[in-house]
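Enquirer: Show me how the following folds:
(one chain, ligands or ions: 1)
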Amino acid sequence: MALDRKSGFCESNSIFYSKRDPMILPPPDQHLDVTTFISSQPHRGKTAFVDAVTDRRLGFSELWLGVKRVAARLYSLGVRKGDVVVILSPNSILYPVVSLSVMSLGAVITTANPISTSGEISKQLEDSLPVLAFTTCQLVSKLAAAAAAAAVSAASEANLPVVLMDGDDGVKAHEKGVKIVGSLETMMESEPSESRAKQRVNQDDTAALLYSSGTTGKSKGVMITHRNLIALAHTYRLRFGLEQRTVCTIPMCHVFSFGGFATSYIALGWTTVVLPKFEMSKLLSAVEVHRPTHLTLVPPMVVGMVNGAKEINSKYDVSSLHTVVAGGAPLSREVIEKFVRNYPNVKVLQGYGLTETTAIVATMFTKEETERFGSSGLLSPNVEAKIVDPETGRLLGVGQTGELWLRSPTVMKGYYKNEEATAATIDSDGWLKTGDLCYIDSEGFVFVVDRLKELIKCNGYQVAPAELEALLLAHPEIDDAAVIPIPDEKAGQYPMAYIVRKAGSNLSESEIMGFVAKQVSRYKKIRKVVFLGSIPKNPSGKILRRELKKLTTSKL
Ligand SMILES: Nc1ncnc2c1ncn2[C@@H]1O[C@H](COP(=O)(O)OP(=O)(O)OP(=O)(O)O)[C@@H](O)[C@H]1O
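Expert: Below is the predicted model:
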């Protein structure tokens, strides 16, 4: 095999192999659920979770006792292997208790986003058909509306059984669509009254059904297996090691947070301080009080820390931090450089992944690796990659840009009840087509250029919005930027920019167009600028281009 050790590229089959030390995973035929795996990992951690608002703490022994009791109670409520259970909740120290209990039974946890509308949640319920739900007193009405709508379309009268995560049994919500069957606190406190037969769980069984962000089309149910999550925990062990302290502010319903805070970091004995949602001041207060070593952020949060750096450094003690983990969307070189200038003791470790790959498939591990600006790091352990010419299907080599295909123990089993979409995404040899345009350089670093679907086609040339956005963000008077195509009869499409100016700036459309024009080839020039108060983004920091496109069409 003609393997180039520097890049990881093999000439004879055009596959890039991970340069990381390989992980030794449990044999695939061993019956093992992810909860048992996580709970059996040795570490010296004591406190698993801290509620940043109430300061309630959950030690590891309390966590595992809670998981055991909740699983037993779920079993007596009739939850069995393969059943789907939905959780609709903001971040909470009890979120992992629910998820781990459900997965320990071989049942499937599906996470709904608390900021979704009841219409969106209803679609998820119709698709996943949960037998039970966990939610909070505040969200129960939203869930009830979603369940009632889902029941109408399924022509079913049944109310969705609900366990309240923050109420007691006395709470009786008489909402159409749901029936309150208990409270999580009571479940966690009561001794199981009956013994249950443990159903065997295979590592290839589905553990979690996570819905993709729906940035580029309809959101799809991604089947994450026990093995996927076990492999992810192994990856994190190699990346970060044991017993760190961190703060969770990104939503646990998303793979980036679920795969870290709700599963992997528990296996590593980490202490996670949980914030119900993101608020910069609360995050910084939590950093000052709890002194975490790591933060996991999405790009807009990193930008927020850069823009507010002066005030942050004078008002808060953030000296405990040594690592910021960033991913989910592109982060420009300029932002990282500014971050490092303002927080010199902190390294920004980028990572790249999809819901379909159980998050991180390319990552940075060390400070040296962060110096590869613009890159998302090296392929994670055991990951193989191909770069494929999207037009011809030809396999490309080092430094050549094409669609990234991946094979890895973290690649999903498929899309839930959607064989057509699964077959279009994973080929018969197990290669997942990411839909991302990437290249891998001579040292094996992965660079994400843009999403194939989001490329702007101008006079036959392809323009990557992310490249122009990075340029625009480097302008001192620009706070945020998004580039989308604008239809044109002759050229097909032109790039246009939505811009958020810094407070007090009078930067004009022509100044912005001139600033970009000086730095790019003719076909990449921006032809129109519209100013906005903020750029619409989803929780993982991705620009909601379809909303901007709608805005553009309504203005044309
Ligand atoms: N570090 C990164 N740099 C650039 N892009 C990234 C990075 N991390 C993730 N992404 C982008 O996020 C995508 C994965 O996002 P996610 O799985 O959350 O849902 P989605 O792809 O936005 O949703 P849908 O598939 O429903 O449109 C990747 O395919 C890639 O385009």
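Enquirer: low-confidence ranges in the stretch 51-200 of the chain?
Expert: Within the stretch 51-200 of the chain, the stretches with pLDDT under 70 are 153-155, 157, 168-174, 194.
Enquirer: Find the closest residue to the ligand in it.
Expert: Proximity of the stretch 51-200 of the chain to the ligand (Cβ to the nearest ligand atom) peaks at residue 113, 11.2 Å away. In short, each C-beta sits where N, CA and C put it, glycine included.
Enquirer: OK, contacts around that residue?
Expert: Neighbouring residues of residue 113 by Cβ atoms under 8 Å, 6 or more residues apart in numbering: 120-121, 211, 251, 253-254, 539.
Enquirer: Can you list which of those are found in helices?
Expert: Applying DSSP state H to the contacts of residue 113, the entries found in helices are 120-121.
Enquirer: Break down the stretch 151-300 of the chain into its helices, ranges please.
Expert: Here the stretch 151-300 of the chain has its helices, by DSSP state H, counting those that start in this stretch, at 184-189, 226-240, 255-258, 265-267, 280-290, 299-307.
Enquirer: Residue 297 - how many residues pack around it?
Expert: When counting by other Cβ atoms under 10 Å, one arrives at 24 neighbours for residue 297.
Enquirer: burial of the single nearest residue of the stretch 301-450 of the chain relative to the ligand, as a residue count?
Expert: Here the stretch 301-450 of the chain gets closest to the ligand at one residue, residue 355, 3.5 Å apart by Cβ to the nearest ligand atom. The local packing count at residue 355 equals 23, with neighbours defined by other Cβ under 10 Å.
Enquirer: repeat for residue 353
Expert: Counted by other Cβ under 10 Å, the residues lying close to residue 353 total 24.
Enquirer: shouldn't it be in contact with residue 360?
Expert: Yes. In terms of Cβ atoms under 8 Å, residue 353 counts as a neighbour of residue 360; the distance is 4.5 Å.
Enquirer: Please enumerate the shared neighbours of those two.
Expert: Overlap between the neighbourhoods of residue 353 and residue 360 consists of residue 327, taking contacts as Cβ under 8 Å, 6+ apart.
Enquirer: Now do the phi/psi pair for residue 352.
Expert: Per-residue torsions, residue 352: phi -130, psi 140 (degrees, to the nearest 10).
Enquirer: if we can go back for a sec, pick out whichever of the contacts of residue 113 sits closest to the ligand.
Expert: When those are compared for distance to the ligand, the smallest value, 6.6 Å, is given by residue 254; criterion: Cβ to the nearest ligand atom.
Enquirer: Not counting sequence-adjacent ones, nearest residue to the closest one?
Expert: Distances taken as Cβ to Cβ, 6 or more residues apart in numbering place residue 540 nearest to residue 254, at 5.6 Å, with adjacent residues excluded.
Enquirer: you'd agree residue 444 is up against residue 19?
Expert: Yes. Residue 444 is in contact with residue 19 according to Cβ under 8 Å; the separation is 4.8 Å.
Enquirer: Looking only at neighbour counts, state which of the two leads.
Expert: The neighbour comparison of residue 444 against residue 19 (other Cβ under 10 Å) goes to residue 444, with 25 against 15.
Enquirer: and the residue lying closest to residue 165 once chain neighbours are set aside, how many neighbours?
Expert: Of all residues beyond its chain neighbours, the one nearest residue 165 is residue 184 (4.7 Å), with distances taken as Cβ to Cβ, 6+ apart. By the criterion of other Cβ under 10 Å, residue 184 has 24 neighbours.
Enquirer: need the contact list for residue 184.
Expert: Shown in contact with residue 184 (Cβ under 8 Å, 6+ apart): 70, 94, 97-98, 134, 163-166.
Enquirer: Considering only these, which also neighbour the ligand?
Expert: Contacts with the ligand within these, as defined by Cβ under 6 Å from any ligand atom: none are present.
Enquirer: so which two of those are the farthest from each other?
Expert: 70 and 166 (14.6 Å; Cβ to Cβ).
Enquirer: Between these two, point out the one with more neighbours.
Expert: For residue 70 and residue 166, the more surrounded residue by other Cβ under 10 Å is residue 70, and the numbers stand at 26 against 17.
Enquirer: Grab the nearest non-local neighbour of that one.
Expert: Spatially, and ignoring its direct neighbours in sequence, residue 70 is nearest to residue 101 (3.9 Å; Cβ to Cβ, 6+ apart).
Enquirer: Burial check on that neighbour, number of neighbours?
Expert: The criterion is other Cβ under 10 Å. On that basis, residue 101 has 28 neighbouring residues.
Enquirer: Need the residues touching each of residue 444 and residue 19.
Expert: The contact sets of residue 444 and residue 19 overlap at 8, 378-379 (Cβ under 8 Å, 6+ apart).
Enquirer: Can you select the buried ones from those residues in ChimeraX?
Expert: To isolate the buried subset of these in ChimeraX, counting by 16 or more other Cβ atoms under 10 Å, use the following:
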select :8,378,379
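Enquirer: Just give me the closest of the shared contacts of residue 444 and residue 19 to residue 547.
Expert: residue 379 (32.9 Å).
Enquirer: Could you pull out the buried residues of the helix or strand of the chain with the lowest mean pLDDT?
Expert: In the chain, no helix or strand scores lower on mean pLDDT, DSSP states H and E than helix 545-555, which sits at a mean of 78. Using 16+ other Cβ under 10 Å as the burial criterion, the residues of helix 545-555 that qualify are 545, 548, 552.
Enquirer: show me where the stretch 101-250 of the chain has strands.
Expert: Taking DSSP state E, counting those that start in this stretch to define them, one finds strands in the stretch 101-250 of the chain at 108-112, 132-135, 160-164, 178-183, 206-211, 221-225, 245-248.
Enquirer: got the contact list for residue 47?
Expert: Neighbour list for residue 47: 57-60, 271 [criterion: Cβ under 8 Å, 6+ apart].
Enquirer: Can you tell me how far it is from residue 61?
Expert: Spatial separation of residue 47 from residue 61 under the definition Cβ to Cβ, to the nearest Å is 10 Å.
Enquirer: Tell me where the model's unsure across this structure.
Expert: Regions of the chain meeting the criterion pLDDT under 70 cover residues 1, 153-155, 157, 168-174, 194, 213-217, 553-556.
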